[in-house]
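Student: got a structure for you, letters missing:
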């Protein structure tokens, strides 16, 4: 069995590539991507390197997952979470829900205040004063309940938005964090639900 210090050069390069993609970019590469990176003739060659690294105890494979490679050591597999990106959320006027699965990312759990269940891509600038910018990926912890003052992902008449929740005695308002945008007042007749609580973000370069 090899250690990181005694690995053959090609296998060490595959390990470094995996670590860079998973821990540096939050992306688990496919066997085809590994093969393309190193000029392997087939995915089978990439698979042999992956299995060898598993046998060496340097990576783990999560059962039943197509891209279930996890790093051993460094940040540790227990600190990485696999999150689906489930479309867009409006930071501005609400937009229709987009539940198409765009991609899956592996991210460090420490990026978030709560463990998120999924990610949404922000569209708009109404939350910039809270540091939530257009194009950010926001982590969402599924919850139908939230306290006044929390940033939530809410559904209003079938449309999804991210705002700061304000519960008054007689009404609910969804507050932007940008003076250029007006609050959304939830009327009693509207279909309103809290989909989840904002728990952190990832800014893609």
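Tutor: That came through, no problem. Quantities reported herein were computed from a predicted structural model and do not represent experimental measurements.

Student: Leaving out the residues flanking it, which one is nearest to residue 186?
Tutor: The shortest distance from residue 186 to any non-neighbouring residue, by Cβ to Cβ, 6 or more residues apart in numbering, is to residue 172 (4.3 Å). All C-beta spots, glycine's among them, are computed from the backbone N, C-alpha and C.

Student: what does residue 185 give?
Tutor: Here the residue nearest residue 185, using Cβ to Cβ, 6+ apart, is residue 173, at 5.4 Å.

Student: Correct me if wrong: the one you found contacts residue 182.
Tutor: No. Residue 173 is beyond contact range of residue 182, at 10.0 Å (criterion: Cβ atoms under 8 Å).

Student: Looking only at neighbour counts, state which of the two leads.
Tutor: In terms of neighbours (other Cβ atoms under 10 Å), residue 173 is the more surrounded of residue 173 and residue 182; the figures are 16 against 11.

Student: Name the SS class of the more buried one, please.
Tutor: Assigned by DSSP: H, G, I helix; E, B strand; the rest coil, the conformation of residue 173 is strand.

Student: Give me the pLDDT for residue 188.
Tutor: With respect to pLDDT, residue 188 scores 89.

Student: buried set for the top helix by length along the chain?
Tutor: As assigned by DSSP state H, the longest helix anywhere in the chain is helix 43-55. Neighbour-count burial for helix 43-55 flags 43, 45-46, 49-50, 52-53 (criterion: 16 or more other Cβ atoms under 10 Å).

Student: Nearest to residue 140 among the residues you listed?
Tutor: Nearest to residue 140, judged by Cβ to Cβ, of these is residue 50 at 31.4 Å.

Student: That closest one contacts residue 34, doesn't it?
Tutor: Yes. Under the criterion of Cβ under 8 Å, residue 50 makes contact with residue 34 at 7.3 Å.

Student: Next secondary structure element downstream of the one helix or strand in the chain whose mean pLDDT sits lowest?
Tutor: Ranked by mean pLDDT, DSSP states H and E, the weakest helix or strand in the chain is strand 95-96, scoring a mean of 53. As assigned by DSSP states H and E, the chain's next helix or strand after strand 95-96 is strand 103-108.

Student: Tell me where the chain is predicted with low confidence.
Tutor: Scanning the chain with the threshold set as pLDDT under 70 gives 1-6, 24, 63-67, 73-80, 92-102, 106, 205.

Student: can you give me the helices for it?
Tutor: Using DSSP H, helices in the chain cover 9-19, 25, 31-38, 43-55.

Student: Give me the domain ranges for this protein.
Tutor: Listed by automatic domain parsing, the domain ranges of the chain are 9-74, 80-202.

Student: Could you give the number of residues near the nearest residue to residue 175 once chain neighbours are set aside?
Tutor: Leaving aside its chain neighbours, residue 175 sits nearest to residue 164 (4.4 Å; criterion: Cβ to Cβ, 6+ apart). Residue 164 is flanked by 20 other residues according to other Cβ under 10 Å.
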